[in-house]
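**Student:** Predicted structure and sequence below. I'll ask about it afterward.
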Amino acid sequence: MAHSLGGYFDFAHGDCNALLLDSVIYYNFQAVPDRYRDIAGQMGISTENKSDSQVREELTESIVDLRREAGMNYTLSGLGLKREDIPVLAEMASNDACMLTNPRELSVAEVEEIYARAF
């Protein structure tokens, strides 16, 4: 998804990853909850006696906080992206070979939802 976003709009790849990370984690969490629980623990988030949805919320909030601490106080819309760009980006991202390594198989509509969440 970051490839499509960066390539289409000439945005830095790292910025694209940072802007999409919390939305991608939010969507993929259910496919590999143990992996994301491990990541949360490494980030100092207690996961004991918490549901997957509690851990997912805390992890994604922590990612957003980290991004803001790094000076990225904007979202995709802050970069000038328009909602009407999302279907084009989603189609491009769905055709990216890197999508094969995503822990969850995604339809074009689901990719659109992730972009919209990062908006």
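**Tutor:** Cool, the structure landed.

**Student:** Who are the contact partners of residue 49?
**Tutor:** Contacts for residue 49 were tallied using Cβ atoms under 8 Å, 6 or more residues apart in numbering; there are none. To be clear about C-beta, it is placed using only N, CA and C from the backbone, and glycine gets the same treatment.

**Student:** quick one: secondary structure of the residue of the chain most remote from its centre?
**Tutor:** Residue farthest from the centre of the chain, counting by Cα atoms, centre = their mean, is residue 49 at 25.3 Å. Following DSSP: H, G, I helix; E, B strand; the rest coil, the label given to residue 49 is coil.

**Student:** Look up how far residue 76 lies from it.
**Tutor:** Residue 49 sits 35 Å away from residue 76, taking Cβ to Cβ, to the nearest Å as the criterion.

**Student:** and what of residue 69?
**Tutor:** 19 Å.

**Student:** Comparing the two, which residue is more hemmed in?
**Tutor:** Ranked by neighbour count (other Cβ atoms under 10 Å), residue 69 and residue 76 place residue 76 first, with 24 against 9.

**Student:** residues touching the more buried one, list them.
**Tutor:** Per Cβ under 8 Å, 6+ apart, neighbours of residue 76: 5, 19, 115, 118, 119.

**Student:** I am finished for the moment; much appreciated.
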